[in-house]
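*Asks:* sequence first, predicted model second:
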Amino acid sequence: MRANDVLSIGQFAERAGLAVSALRYYEAEGLIAPMRAPSGQRRFRRADIRRVSFIRIAQQFGYTLPQIKEMMAGLPEGRTPTARDWRHLSEGFRDSLDTKIAALEKLRDDLDGCIGCGCLSLERCQLYNVGDKAAQRGAGPRYLLGDKAGDIAER
């Protein structure tokens, strides 16, 4: 590895567009693993910029750091991920995004019914209480009272 292939934490923070404290936090969370110089200072590979870029993109899509860590678990340590590595990662990422997109489209399509009735316990609610299944648990706003949608059986 050439000397210009590694960056100090300050150089890396500048290149990645993050605060040094954010990089230290990502390291503490196991998302990145910098090398250590003999003096103990962190040294980052240029390939780590791609990892941090992926972390930031995934966060913009609403993923938590533990979820991102799980997605990145298949990427190799100590070498630059190949196009094949990223393609494998993107397949799972794409599946997850497709699921989120479908849920958002359903929410968008069903939103008019919710705004029209103004109540989440009417029989016609298509968002949270399809077929008024919450009525099985009693009167009132069941979900606001603590009932979980998964706890209420389908008819």
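*Replies:* Looks like it came in fine.

*Asks:* now this protein, which segments are flagged as low pLDDT?
*Replies:* Across the chain, the ranges flagged by pLDDT under 70 are 1-4, 78-80, 112-130, 143-144, 149-155.

*Asks:* what packs against the helix of greatest length in the chain?
*Replies:* Identified as the longest helix of the chain according to DSSP state H is helix 83-117. Judged by 3 or more C-beta pairs under 8 Å, 6 or more residues apart in numbering; DSSP states H and E, the packing partners of helix 83-117 are helix 65-72. Bear in mind the C-beta positions are built from the backbone N, C-alpha and C, glycine included.

*Asks:* any idea of the angle the helix it packs on forms with helix 83-117?
*Replies:* In terms of direction (axes from the mean of the first three to the mean of the last three C-alpha atoms, to 10 degrees), helix 65-72 departs from helix 83-117 by 140 degrees.

*Asks:* what's helix 65-72 in contact with?
*Replies:* Contact with helix 65-72 is made by 26, 29-31, 51, 54-55, 58-59, 63, 89, 92-93, as judged by C-beta atoms under 8 Å, 6 or more residues apart in numbering.

*Asks:* contacts for stretch 92-109?
*Replies:* Stretch 92-109 has contacts (C-beta under 8 Å, 6+ apart) with 58, 61-63, 71, 127.

*Asks:* residue 85 touches residue 76, doesn't it?
*Replies:* Yes: if you go by C-beta atoms under 8 Å, residue 85 and residue 76 touch, sitting 6.3 Å apart.

*Asks:* centroid-nearest residue for the protein?
*Replies:* In the chain, the centroid-proximal residue (C-alpha atoms, centre = their mean) is residue 63; its distance is 1.0 Å.
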